[in-house]
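Visitor: how would this look folded up:
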Amino acid sequence: MALRHKWLDEAQTEFGETIDYVFCEFGERVAEGVYAESKDCVQRLTQFPEMGMRYKDLLFKGNKVRIFRMRNSSIIYCHDNETIFVLSFWNNRCDDSRIEEVLAERE
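Guide: Modelled structure (predicted):
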């Protein structure tokens, strides 16, 4: 059974900003590709929530934080028995050490 998915507002904003940036820098076709790849990955996570790698020993509201890496971005998420929570849409060029700080601000 597939889980539902819910994006935190901040993650949705990060996703939108990423798509806008890609559109401005690389054009509509590339932006559509990033959008489709990202949405497909979230859909796969609803089917297979353990697909992503466990991110350190980090917890978000009692759930283990996981990271699913794509080409240039990562989906940082956690899940319970019913829902995948997209916590952040992370640019892989950013310093991963900031993930903990960013998530702490969102709890």
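
Visitor: Any buried residues in the strand or helix carrying A11, and which?
Guide: Per DSSP states H and E, A11 falls inside helix 9-26. For helix 9-26, burial by neighbour count (16 or more other CB atoms under 10 Å) applies to 10-11, 14-15, 18-19, 22-23. Where you see a C-beta, it was placed from the backbone N, CA and C, and this is true even at glycine.

Visitor: Packing partners of the lowest-mean-pLDDT helix or strand in the chain?
Guide: One helix or strand of the chain scores below all others by mean pLDDT, DSSP states H and E: helix 99-106, with a mean of 88. Packed against helix 99-106 by the contact rule (3 or more CB pairs under 8 Å, 6 or more residues apart in numbering; DSSP states H and E) you find strand 53-60, strand 83-91.

Visitor: Quick one: residues in contact with the helix holding A11.
Guide: Residues outside helix 9-26 that contact it (CB atoms under 8 Å, 6 or more residues apart in numbering) are 7, 30-31, 34-35, 38, 73, 76, 86-91, 106.

Visitor: cool, and stretch 67-87?
Guide: Outside stretch 67-87, the residues that reach it (CB under 8 Å, 6+ apart) are 3-8, 11-12, 18, 34, 37-38, 41-42, 45-46, 49, 51-53, 55, 59-61, 63-66, 88-93, 99, 103, 106.

Visitor: Pull out the buried members of these.
Guide: Buried among the contacts of stretch 67-87 by 16+ other CB under 10 Å: 3, 5, 7-8, 11, 18, 34, 38, 41-42, 45, 49, 52, 55, 60, 64-66, 88-90, 99, 103.

Visitor: could I get stretch 5-23 in CSV with only the CA atoms?
Guide: Extracted C-alpha coordinates of stretch 5-23, given in CSV (Å, rounded to 0.1, in the frame of the first residue of the first chain):
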residue,chain,number,x,y,z
HIS,A,5,3.1,12.4,0.8
LYS,A,6,3.2,15.8,2.4
TRP,A,7,5.6,18.6,1.7
LEU,A,8,6.6,21.0,4.5
ASP,A,9,6.0,24.5,3.4
GLU,A,10,9.8,25.3,3.4
ALA,A,11,10.5,22.2,1.2
GLN,A,12,7.8,23.3,-1.2
THR,A,13,9.4,26.7,-1.4
GLU,A,14,12.9,25.2,-2.0
PHE,A,15,11.5,23.1,-4.7
GLY,A,16,9.8,26.0,-6.4
GLU,A,17,12.9,28.2,-6.2
THR,A,18,15.0,25.3,-7.7
ILE,A,19,12.6,24.9,-10.6
ASP,A,20,12.6,28.7,-11.2
TYR,A,21,16.4,28.8,-11.1
VAL,A,22,16.7,25.9,-13.5
PHE,A,23,14.1,27.5,-15.8
